[in-house]
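Novice: Have a look at this prediction, sequence included:
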Amino acid sequence: MNRAALVLAGSVFGMACSLAVDTQGLVGGERAEAVSPPSTSAEAGSRDASTVPDSQKVDDSVVTLPGCTVAGPGISTCGANADENCCTSPLVEGGSFRRAYDGVTFTISSFPATTSRVRLDRFETTVGRFRRFVGAVASGWLPRTSSGKHDHLNGGRGLAVATSFEGGWSATWEATLERTRTEWSARLACAGASWTPSVGANETHPIGCVSWFEAYAFCIWDGGFLPTQAEWNAAAAGGSEQRVYPWSNPVESSWIDCSFANFGGANWPETACHPAGASRVGTTSPKGDGRWGHADLAGNVAEWALDWQTGAYPMPCVDCASVTDGTARLFQGGARSASALGVLASASAGLAPAKRDPEVGFRCARSP
């Protein structure tokens with residue numbers, strides 16, 4: 001793939017994991033936490049609508065998600081002022097861009113992709129939202145076989161994969177889901193977890209310690225699916241803008257500090273933005289939002305994607321994903337202990353799908 005594997009020193013997401021990046025001129029070192037300030041006085045992440053083509057303008061409409069029909073902690077208490085609906089899902093415009101490319105740190109532009117319009121949840125999935133899912137599974141709900149596909153593509157058959165189509169949920173995965181609240185609480189209680197057995201102070205924090213299977217099942221229950229690596233990367237990079245960070249303005253700006261994201265700085269935990277762990281989802285919004293209004297695309301928790309980590313991007317890529325082989329599933333966006341390098345819009349890493357880490361959570365995608 002002609003990319004170097006940079007193994008971040010120490011425990012980047014609570015584990016030793018390798019992050020594939022282009023390391024031209026950057027071998028084993030950390031990036032400066034503040035490389036250059038924004039070049040305008042406008043709030044980072046803002047865009048002059050007159051400079052954006054009509055085909056790329058933001059669709060401000062949102063949808064209410066099935067798991068959010070009743071207000072409550074972690075359902076209606078997100079954002080900087082704890083007064084936002086946690087369950088909005090803005091539209092990410094489709095188009096072409098280059099995966100894992102920003103022209104600054106990721107300088108190999110050999111992996112083009114085209115994605116269709118898709119909705120992506122504005123916030124990372126909260127403890128409060130996941131608690132309702134746990135209650136549903138404990139009451140007997142299970143994903144339907146073949147559900148969880150990108151059903152707005154290819155006449156409902158989902159993503160085109162090799163000579164076939166996306167398979168969706170497999171009945172063989174049912175064994176990965178616990179059946180009682182007690183069992184769920186035991187599984188979600190890995191060291192540093194945000195989960196609590198009963199409603200507590202963390203309901204608006206992102207859920208962590210979830211396996212890939214559990215994230216996939218939640219998205220099915222909540223009417224969606226896991227985003228592909230290309231879809232997630234497009235949202236974080238602002239599509240063809242190829243942003244360095246989701247908020248970068250100008251797009252090549254490498255400016256980052258704790259007002260934009262909850263990350264670890266140059267020497268975690270001493271330089272952590274929130275030493276106690278994850279913060280309420282959307283705390284740094286709107287300053288740290290991406291082009292289409294998504295919060296926490298950098299830091300707080302890393303986020304599961306649909307794809308296997310295969311060491312090579314699928315090519316060509318039109319609504320593509322690596323879903324047929326691998327030992328680790330990709331996650332994106334970095335986490336609260338990651339350096340400035342680890343939360344770049346194009347950064348990714350991988351973890352075995354059954355594994356749990358307190359700094360790996362998720363958000364769902366949905367039909368447009």
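Specialist: Done, it's in. In this text, all values refer to a predicted model and were calculated from it rather than measured experimentally. Numbering: from 1, shown residues only.
Novice: Going by C-alpha atoms from here, please, whenever you check contacts or count neighbours.
Specialist: Fine.
Novice: Quick check: closest non-adjacent residue to residue 354.
Specialist: Nearest-residue entry for residue 354: residue 211, 5.1 Å, with adjacent residues in sequence omitted and distances by CA to CA, 6 or more residues apart in numbering.
Novice: Count the neighbours of that neighbour for me.
Specialist: By other CA atoms under 10 Å, the residues close to residue 211 number 24.
Novice: if I look at residue 325, how far off is residue 177?
Specialist: Computed as CA to CA, to the nearest Å, the residue 325 to residue 177 distance reads 22 Å.
Novice: Look at those two and report which has more neighbours.
Specialist: residue 177 (18 against 11).
Novice: What separation do you get for the more buried one and residue 319?
Specialist: Relative to residue 319, residue 177 is positioned 29 Å away (CA to CA).
Novice: Kindly report the same for residue 265.
Specialist: 34 Å.
Novice: Neighbour count: the two, which is higher?
Specialist: residue 265 (26 against 20).
Novice: got a list of what that one touches?
Specialist: Applying CA atoms under 8 Å, 6 or more residues apart in numbering to residue 265 gives the contacts 33, 271, 272, 273, 337, 338, 339, 340.
Novice: again, but for residue 77
Specialist: Counted by CA under 8 Å, 6+ apart, residue 77 has contacts 83, 84, 85, 86, 204.
Novice: Can you tell me how far it is from residue 67?
Specialist: Distance check for residue 77 against residue 67: by CA to CA, it reads 14 Å.
Novice: Assign residue 130 to helix, strand or coil.
Specialist: helix (DSSP: H, G, I helix; E, B strand; the rest coil).
Novice: Any idea how many residues pack against it?
Specialist: Around residue 130 there are 23 residues (other CA under 10 Å).
Novice: Show me the shaky parts of the stretch 51-200 of the chain.
Specialist: Applying pLDDT under 70 to the stretch 51-200 of the chain flags residues 51-64.
Novice: just so I have it, where are all the helices in it?
Specialist: 127-138, 181-187 (DSSP state H, counting those that start in this stretch).
Novice: and these as JSON lines, adding distance to residue 286?
Specialist: Shown next, in JSON lines, are these (distance: least, CA to CA, whole Å):
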{"stretch": "helix 127-138", "distance to residue 286": "21"}
{"stretch": "helix 181-187", "distance to residue 286": "33"}
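Novice: What's the PyMOL line that selects buried ones from the contacts of residue 77?
Specialist: Buried members of the contacts of residue 77, defined by 16 or more other CA atoms under 10 Å, are picked up in PyMOL with:
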select buried, resi 85+86+204
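Novice: and which of the contacts of residue 77 is nearest residue 365?
Specialist: residue 86 (14.2 Å; CA to CA).
Novice: so what's the closest one up against?
Specialist: For residue 86, the contact set (CA under 8 Å, 6+ apart) comprises 74, 75, 76, 77, 78, 79, 122, 123, 126.
Novice: and the residue nearest the centre of the chain, what helix or strand is that in?
Specialist: Nearest to the geometric centre of the chain sits residue 303, at 3.7 Å (CA atoms, centre = their mean). Assigned by DSSP states H and E, residue 303 falls within strand 302-308.
Novice: Paired strands for the following helix or strand past that strand, with orientation please.
Specialist: Using DSSP H and E, the helix or strand that directly follows strand 302-308 along the chain is strand 329-332. Applying DSSP bridges to the sheet, strand 329-332 is found paired with strand 302-308 (antiparallel), strand 348-351 (antiparallel).
Novice: The helix or strand following the shortest one: how far from the chain's middle?
Specialist: What it means is strand 348-351. Following strand 348-351 in sequence order, the next helix or strand is strand 360-361 (DSSP H and E). Centroid separation for strand 360-361 versus its chain: 8 Å, with CA atoms, centre = their mean, to the nearest Å.
Novice: what's the helix or strand just after strand 360-361 in contact with?
Specialist: As assigned by DSSP H and E, the chain's next helix or strand after strand 360-361 is strand 365-366. For strand 365-366, contacts defined as CA under 8 Å, 6+ apart pick out 89, 118, 119, 120, 121, 150, 219, 223, 224, 225, 226, 227.
Novice: Could I get the pLDDT score of the last one?
Specialist: What it means is residue 227. In the prediction, the pLDDT value recorded for residue 227 is 98.
Novice: secondary structure class for it?
Specialist: coil.
Novice: That one: what's it in contact with?
Specialist: Contact analysis of residue 227 by CA under 8 Å, 6+ apart lists 120, 305, 306, 364, 365.
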